[in-house]
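Novice: Quick check, what structure comes out for this input:
(one chain, ligands or ions: 1)
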Amino acid sequence: MPDTAQVTTNGGGPDGAEAPAGLEGVVVAHTQIGDVRGLEGFYHYRQYDAIELNRRRSLEDVWYLMFRGHLPDKAEREEFGREIAEHRALTEDMIPFLRLVAATEPFDPMTALRTAISFASQRAGFRSWLDIPAEQLYDNAMQISAQTPVLLAALYRLRGGQQPVPPDPELSVAGNYLYMLSGQRPDPQRVWALERYLVSTIDHGFNASTFTARVIASTGADIGSAVTGAIGSLSGPLHGGAPSRVLEMLDDIGSPDRAEDWVRAAVRRGDRIMGFGHRVYKGKDPRSALMREVASTLGGQTAEFAMAVEDTIVRVLAEEKPGRALNANVEFYAGVVMDASGIPRELFTPTFASSRVIGWCAHVLEQVSGNRLIRPSARYDGQAPPQPVPATD
Ligand SMILES: CC(C)(COP(=O)(O)OP(=O)(O)OC[C@H]1O[C@@H](n2cnc3c(N)ncnc32)[C@H](O)[C@@H]1OP(=O)(O)O)[C@@H](O)C(=O)NCCC(=O)NCCS
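Specialist: Have a look, this model is predicted:
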């Protein structure tokens with residue numbers, strides 16, 4: 001295959017604009033939700049620096065900003081809290097279905113979450129946004145965003161043979177997630193750490209899963225389809241599947257003095273070092289710097305170890321892959337932060353999905369507000385057609 005894709009005109013002629021493979025650097029939409037400036041190591045949610053927002057606002061406030069376009073005042077915050085609580089309740093008849101999904105072998109939590117969200121969307125009667133008023137689509141978006149962590153915690157507990165724990169209206173989204181997983185009142189520092197991670201991953205430019213959600217929404221499909229498609233996209237190790245692999249890597253390295261040889265051997269074998277490199281950030285990933293701070297506040301052996309090997313990994317990558325600017329990305333410390341917050345390893349990527357769903361839904365709401373079907377072209381480079389169709393043997 002040639003390493004460039006060609007965007008052809010409708011008739012498929014060769015005179016369309018060229019786009020690089022992977023669509024790197026190609027602008028495919030206009031958005032007011034946020035963006036990433038790779039060279040500056042900066043990303044923003046709407047008009048605010050996402051890191052500053054993260055330090056100063058709750059997840060619920062940022063969610064409101066993403067859906068409504070401005071930060072809430074006190075009354076709006078209280079009203080939004082009630083809206084979240086109303087939308088996240090699961091109906092009793094969903095539990096047997098979730099029990100079945102949780103017991104299905106082989107069990108993969110992302111696949112289970114995708115199936116549960118698909119069912120919840122069907123159960124709630126989600127329909128093409130072309131056939132429903134805008135307020136109903138907004139309600140669907142609230143429901144799917146509010147229910148994702150509830151479904152995830154229910155699946156996890158059912159998988160472990162325990163009853164799901166219903167959300168507590170007194171707790172925040174992050175606090176509730178920890179509470180619904182363990183059944184214990186969560187430790188405030190762990191809630192703080194997890195919330196910082198969740199806020200940092202709500203949105204991040206036109207990444208693969210966001211693009212997937214917008215492509216699906218552009219066809220007029222219901223928002224449940226857009227989110228389940230996006231979850232499939234996020235499940236890949238090159239996108240959201242890295243944080244648990246980071247901890248596996250750290251376990252495998254074992255001690256800081258083994259890091260150099262371990263990483264060099266892995267890169268020479270052609271392996272990717274999980275938690276390093278990024279399509280857009282060619283300097284520092286600001287999310288990684290924030291997560292490093294959070295990990296360091298939480299402390300603990302894994303955090304100490306990750307901080308001790310980061311510089312070695314960056315140096316070896318620079319020696320083995322000169323000129324590629326491979327630094328730690330959000331996933332490197334995400335695993336450490338989630339681990340220290342009490343999230344089981346197998347739930348790392350689904351937990352990522354539980355905050356990114358807010359970004360996906362904000363993008364779906366934006367896509368439908370000025371929709372045009374997303375339908376690019378590809379250059380055919382197989383055998384020249386038309387070849388005669390051979391007769392059946
Ligand atoms: C995130 C990622 C997919 C971005 O990839 P990309 O923009 O497509 O970068 P490329 O695949 O073009 O990589 C450029 C070069 O750097 C190398 N490279 C990129 N990331 C690497 C990594 N983590 N470890 C080792 N080498 C890496 C590639 O092998 C390639 O080398 P080459 O030019 O000799 O072929 C990639 O860095 C990666 O696979 N990282 C590990 C997975 C991860 O952490 N994912 C979470 C992302 S938030």
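Novice: only C-alpha atoms for contact and neighbour calcs from this point on.
Specialist: Fine.
Novice: Go ahead and name everything in contact with the helix or strand containing residue 339.
Specialist: Per DSSP states H and E: residue 339 is located in helix 330-341. With contacts defined as Cα atoms under 8 Å, 6 or more residues apart in numbering, helix 330-341 is touched by 190-191, 193-194, 197, 242-244, 246-247, 274-276, 285-288, 291-292, 294-295, 298, 300, 302-303, 306, 344-345, 348.
Novice: Mind doing that once more with 7 Å?
Specialist: For helix 330-341, the surrounding residues in contact (Cα atoms under 7 Å, 6 or more residues apart in numbering) are 190, 193-194, 197, 242-244, 246-247, 275-276, 285, 287-288, 291-292, 294-295, 298, 302-303, 345, 348.
Novice: same thing with stretch 99-112?
Specialist: 155, 158-159, 235, 346-347, 350.
Novice: try 8 Å this time
Specialist: 115-116, 155-156, 158-159, 231-232, 235, 346-347, 349-350.
Novice: Likewise for stretch 126-137?
Specialist: Under the criterion Cα under 8 Å, 6+ apart, residues 140, 220-224, 365, 368 lie in contact with stretch 126-137.
Novice: what about that stretch, average pLDDT?
Specialist: Per-residue pLDDT over stretch 126-137 has a mean of 98.
Novice: end to end, how far does it reach?
Specialist: For stretch 126-137, the first-to-last residue distance is 8 Å (Cα to Cα, to the nearest Å).
Novice: gap between that stretch and the chain center?
Specialist: The chain centre lies 24 Å from the centre of stretch 126-137; the measure is Cα atoms, centre = their mean, to the nearest Å.
Novice: Please put the alpha-carbon coordinates of the one helix or strand residue 55 maps to into PDB.
Specialist: Using DSSP H and E, residue 55 falls within helix 50-56. Listed next in PDB are the C-alpha coordinates belonging to helix 50-56 (Å, rounded to 0.1, in the frame of the first residue of the first chain):
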ATOM      1  CA  ALA A  50      -7.800  22.200  30.500                       C
ATOM      2  CA  ILE A  51      -5.100  22.000  33.200                       C
ATOM      3  CA  GLU A  52      -6.200  25.200  34.900                       C
ATOM      4  CA  LEU A  53      -9.800  24.000  34.800                       C
ATOM      5  CA  ASN A  54      -8.700  20.700  36.300                       C
ATOM      6  CA  ARG A  55      -7.000  22.400  39.200                       C
ATOM      7  CA  ARG A  56      -9.900  24.800  39.900                       C
END
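Novice: Check which helices and strands the very next helix or strand once past that helix sits against.
Specialist: Downstream of helix 50-56, the first helix or strand assigned by DSSP H and E is helix 59-68. Packing contacts for helix 59-68, counted by 3 or more Cα pairs under 8 Å, 6 or more residues apart in numbering; DSSP states H and E, involve helix 74-88, helix 173-182, helix 188-200, helix 348-369.
Novice: how about the contacts of stretch 126-137 in JSON lines, adding distance to the ligand, neighbour count and pLDDT?
Specialist: Converted to JSON lines, those look like this (distance: Cα to the nearest ligand atom, whole Å; neighbours: other Cα atoms under 10 Å; pLDDT from 0 to 100):
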{"residue": "140", "distance to the ligand": "28", "neighbour count": "23", "pLDDT": "98"}
{"residue": "220", "distance to the ligand": "29", "neighbour count": "19", "pLDDT": "98"}
{"residue": "221", "distance to the ligand": "28", "neighbour count": "17", "pLDDT": "98"}
{"residue": "222", "distance to the ligand": "28", "neighbour count": "24", "pLDDT": "98"}
{"residue": "223", "distance to the ligand": "24", "neighbour count": "28", "pLDDT": "98"}
{"residue": "224", "distance to the ligand": "24", "neighbour count": "28", "pLDDT": "98"}
{"residue": "365", "distance to the ligand": "24", "neighbour count": "23", "pLDDT": "98"}
{"residue": "368", "distance to the ligand": "27", "neighbour count": "19", "pLDDT": "98"}
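Novice: Pipe the residues you listed into a markdown table and attach secondary structure per row.
Specialist: Shown next, in a markdown table, are the contacts of stretch 126-137 (DSSP: H, G, I helix; E, B strand; the rest coil):
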| residue | secondary structure |
| --- | --- |
| 140 | helix |
| 220 | coil |
| 221 | coil |
| 222 | coil |
| 223 | helix |
| 224 | helix |
| 365 | helix |
| 368 | helix |
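Novice: List just the nearest of these to residue 270.
Specialist: Closest approach to residue 270 among the contacts of stretch 126-137 (Cα to Cα): residue 224, at 37.6 Å.
Novice: residue boundaries of the strands in this protein?
Specialist: According to DSSP state E, the chain carries its strands in the segments 4-6, 18-20, 34-37, 42-45, 48-49.
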